[in-house]
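J.: here is my input, please return the structure:
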Amino acid sequence: IPKTPGNLVLMDRVRRTRQVAVGTFFVSAPGKRSLPLMGPIMDEDGQIRSFLRVTVDLDWLDRQVNRIAIPDEAVLLVMDGQGHELARNPQSADWPGGTPAPELEQTLLGKGDFYGEVKGNDGISRYYSIAKVRANEELLVVMKIRLTAIYGPSRRQLALNLAGLGGVGLLVFGLTWLGSERYFRHPLSRLIATADKLALGNLRARSGLKYSGEIGVLAQSFDQMADTLERDQERERQAAEREAARLRRLKQLSELSMMLSGDPTAVLERLCGMIGEIFGVRGVCLSEVADSQLIFRAMYLKGKIISNGGGFPMEGTPCANVVASKEIQIYQGVQEAFPRATYLRNHKASSWCGFPSIDSQGKVVATTCLVDDKPRDFSDEDKQILQVLGQRIAAEFERAGSLAERARMEEKLRENERRLEEAQHMAGLGSYAGDAVTGLMEWSDEMYRIYEVDPALGTPGLDIVLARTHPDDRALVRSKYEELSTGNGRFDVEHRLIMP
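T.: Down below sits the predicted model:
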């Protein structure tokens, strides 16, 4: 990586935070805008050994963002921590990538994750949803939509019904001069008071009148209208919550790709917990496939992580179908479909979703199941997320295998070194490796014993050898060592030792 000022700043931030750092966008070629990112590459001990620098084409990012379907009159933004718009859906000639965002959006940067109604400088109220992507909180996803787009249909229906109510109300009010307080004026006052509450946004307001007589028929129609408005608003609220949940899931997946590193067991446990949190289910079970057995590697149950929960035969469980098909499987009423799977009864499972983790050889190495005690639907987007998570889990299993193989090789090497030491001690032979230029050496234990040198004195050198060599033989020994530095890598010499 070239050590430019910008790259040095990113390296320093990565060292301090140990996370991906996002730089400032720049123009890399005429009309081509780019965004630099840099992340750490760590060894097994969690130490940063090198850096990975990636440049994102903002035109490509803008195209990807514009593939996302959003509601009418909504705007989806990707912004950096300095308030620049990096991508925008829908696209706008007034706001190309890299342009400073509108003043209102910039004022919201310091709020962190934020959901709520904000009135703009143009006097228009909008609903904002802001989620910070965990890369030193330097990237933000912003969704905004006019409140009129959310509540407009309900308010129009309310206005029409209230207008009709007003006309009928005038007619009934005229009749109050001929009728009594009990039959006309009091019920009409109740209807008008309820209409005022609805107009103020309280869609739970009802007349509370009996549905008898002319006023009763009017009250019934009025309450039915309020029921419809409340249902419409509830549907719109649920849609807004689903959109907010989708943004939260996108944020959590971004965190997942940037945060998870270190011991594979800890990573699998964190993955298991994140799946439970993202999908809001009662339990998640991540199991390794070992022939016909499933071995629990991590479990998420009611917000807690359980490690190494044992195992059970795979036959007769829905996991067997996941392994056989290598595809996501979803079951409603799962206990009835798999009566032999006792763990389903133990967890009062109603809905069940399982997905495979397939390694680079095409083998299913793990299954992960999501269990809930109530019916649960999984959308196409949910399934895509689960497929991505399945690939991540498979990568961790392969990494764990590589680390285990490395540990076995290191243990074998240590065992061979131990046996060599034993053989040298029994034969009275020593061995060393040295640098002919610096004169520094590495001695075996038997060499220390032969030369009667304490290993605690430090790294031995040629001076120690010459100090123990008979004075008449020192010139010969020194000349043989000098031959090594000229390129002759082998010599045989016999000399005498003098011990202190």
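J.: and the spatially closest residue to Gln293 that is not a sequence neighbour, what are its phi and psi?
T.: Nearest residue to Gln293 in three dimensions, chain neighbours excluded: Gly311, at 5.4 Å (Cβ to Cβ, 6 or more residues apart in numbering). Backbone N, C-alpha and C define where each C-beta goes, glycine included. Per-residue torsions, Gly311: phi -160, psi 180 (degrees, to the nearest 10).
J.: distance of Gly311 relative to Cys319?
T.: 11 Å (Cβ to Cβ, to the nearest Å).
J.: so which of these two has more stuff around it?
T.: It is Cys319, of Gly311 and Cys319, that has more neighbours when counted by other Cβ atoms under 10 Å, with 26 against 14.
J.: that one: what secondary structure?
T.: helix (DSSP: H, G, I helix; E, B strand; the rest coil).
J.: poorly predicted segments of the stretch 351-500 of the chain, please.
T.: Residues of the stretch 351-500 of the chain meeting the criterion pLDDT under 70: 436-437, 439, 485, 487-490.
J.: quickly list what's touching both of Gly311 and Cys319.
T.: The contact sets of Gly311 and Cys319 overlap at 287, 294 (Cβ atoms under 8 Å, 6 or more residues apart in numbering).
J.: now do the same end-to-end measure for stretch 83-100.
T.: 6 Å (Cα to Cα, to the nearest Å).
J.: determine the set of other helices and strands touching whatever helix or strand Glu381 lives in.
T.: When elements are assigned from DSSP states H and E, Glu381 belongs to helix 380-427. Applying 3 or more Cβ pairs under 8 Å, 6 or more residues apart in numbering; DSSP states H and E, one finds that helix 380-427 makes contact with helix 213-259, helix 264-279, strand 351-358, strand 364-372, helix 445-451.
J.: could I get those as a markdown table with distance to Leu420 and mean neighbour count?
T.: What follows is those, written out as a markdown table (distance: least, Cβ to Cβ, whole Å; neighbours: other Cβ atoms under 10 Å):
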| stretch | distance to Leu420 | mean neighbour count |
| --- | --- | --- |
| helix 213-259 | 43 | 16 |
| helix 264-279 | 33 | 20 |
| strand 351-358 | 42 | 24 |
| strand 364-372 | 38 | 23 |
| helix 445-451 | 10 | 18 |
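J.: can you redo those as TSV with distance to Asn202?
T.: Below are these laid out as TSV (distance: least, Cβ to Cβ, whole Å):
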stretch	distance to Asn202
helix 213-259	10
helix 264-279	34
strand 351-358	35
strand 364-372	34
helix 445-451	87
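J.: which of those has the lowest average pLDDT?
T.: For those, mean pLDDT drops lowest on helix 213-259, to a mean of 70.
J.: what bridges to Thr469?
T.: Legend: beta-bridge partners of Thr469 under DSSP bridges are Leu497.
J.: about what we covered before: so the residue nearest to Gln293 sits right up against Asp291, yeah?
T.: No. In this structure, Gly311 is not within contact of Asp291 by Cβ atoms under 8 Å, at 11.1 Å.
J.: excluding chain neighbours, what is closest to Ala106?
T.: In this structure residue 106 is Gln, not Ala. Closest to Gln106 by Cβ to Cβ, 6+ apart is Gly83, at 4.0 Å.
J.: hmm, I typed the wrong one, I wanted Thr99.
T.: Glu85 (5.4 Å).
J.: what's the helix or strand for the one you found?
T.: Here Glu85, judged by DSSP H and E, is contained in strand 85-89.
J.: surely Glu442 is in a strand?
T.: Yes. Counting by three-state DSSP, Glu442 is found in a strand.
J.: burial of it, as a residue count?
T.: Glu442 sits with 12 neighbouring residues when counted by other Cβ under 10 Å.
J.: just to check, it is in contact with Gly461?
T.: No. With contact defined as Cβ under 8 Å, Glu442 does not reach Gly461; the gap is 10.7 Å.
J.: so how far is stretch 283-302 from its chain's centroid?
T.: Put simply, stretch 283-302 sits 20 Å off its chain's centre (Cα atoms, centre = their mean, to the nearest Å).
J.: buried residues in that stretch?
T.: Buried residues in stretch 283-302, counted by 16 or more other Cβ atoms under 10 Å: 283-289, 294, 296-301.
J.: what sits up against that stretch?
T.: With contacts defined as Cβ under 8 Å, 6+ apart, stretch 283-302 is touched by 265, 268-269, 271-273, 275-276, 282, 305-315, 317, 319, 323, 347, 364-372, 393, 397.
J.: helices along the stretch 101-250 of the chain, start to end?
T.: All helices of the stretch 101-250 of the chain, identified by DSSP state H, counting those that start in this stretch, fall at 103-107, 147-176, 186-199, 213-259.
J.: let me know the secondary structure of Glu315.
T.: Glu315 - assigned by three-state DSSP - is coil.
J.: got a list of what it touches?
T.: Counting by Cβ under 8 Å, 6+ apart, Glu315 has contacts Ser292.
J.: report pLDDT for it.
T.: 89.
J.: can you check Ser325 too?
T.: Here the pLDDT value assigned to Ser325 is 95.
J.: ok, it to Ile41 distance?
T.: Counting by Cβ to Cβ, the gap from Ser325 to Ile41 is 36 Å.
J.: what of Gly430?
T.: Taking Cβ to Cβ, one finds Gly430 at 41 Å from Ile41.
J.: how about Pro5?
T.: Per Cβ to Cβ, Pro5 is found 22 Å from Ile41.
J.: so these two - more neighbours on which side?
T.: Ile41 (11 against 7).
J.: can I assume that one is in contact with Val20?
T.: No. Judged on Cβ under 8 Å, Ile41 makes no contact with Val20 at a distance of 11.3 Å.
J.: for Val56, what are phi and psi?
T.: Dihedral angles (degrees, to the nearest 10) for Val56: phi -100, psi 130.
J.: is it bridged to anything, and to what?
T.: Val56 has the following beta-bridge partners by DSSP bridges: Leu35.
J.: of the buried residues of stretch 283-302, which belong to strands?
T.: Counted as lying in strands by DSSP state E, out of the buried residues of stretch 283-302, are 283-289, 294, 296-301.
J.: about what we covered before: out of the buried residues of stretch 283-302, who's nearest Pro356?
T.: In terms of Cβ to Cβ, no member of the buried residues of stretch 283-302 lies closer to Pro356 than Val289, at 8.6 Å.
J.: if I look at that closest one, how far off is Gly401?
T.: Distance from Val289 to Gly401, counting by Cβ to Cβ: 13 Å.
J.: quick one: strands adjacent to the strand holding Glu85?
T.: Here, using DSSP bridges, strand 85-89 pairs with strand 74-80 (antiparallel).
J.: quick one: mean pLDDT over the strand it pairs with.
T.: On average, strand 74-80 scores 82.
J.: which parts of it are buried?
T.: Under 16+ other Cβ under 10 Å, the buried positions of strand 74-80 are 74-80.
J.: mind putting those residues in JSON lines, distance to His495 included?
T.: Putting these into JSON lines (distance: Cβ to Cβ, whole Å) gives the following:
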{"residue": "Ala74", "distance to His495": "88"}
{"residue": "Val75", "distance to His495": "86"}
{"residue": "Leu76", "distance to His495": "82"}
{"residue": "Leu77", "distance to His495": "80"}
{"residue": "Val78", "distance to His495": "75"}
{"residue": "Met79", "distance to His495": "76"}
{"residue": "Asp80", "distance to His495": "72"}
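J.: closest to Tyr448 among the residues you listed?
T.: Using Cβ to Cβ, Asp80 comes nearest to Tyr448 of these, at 60.6 Å.
J.: what's the distance between the closest one and Leu86?
T.: Distance of Asp80 to Leu86, computed by Cβ to Cβ: 6 Å.
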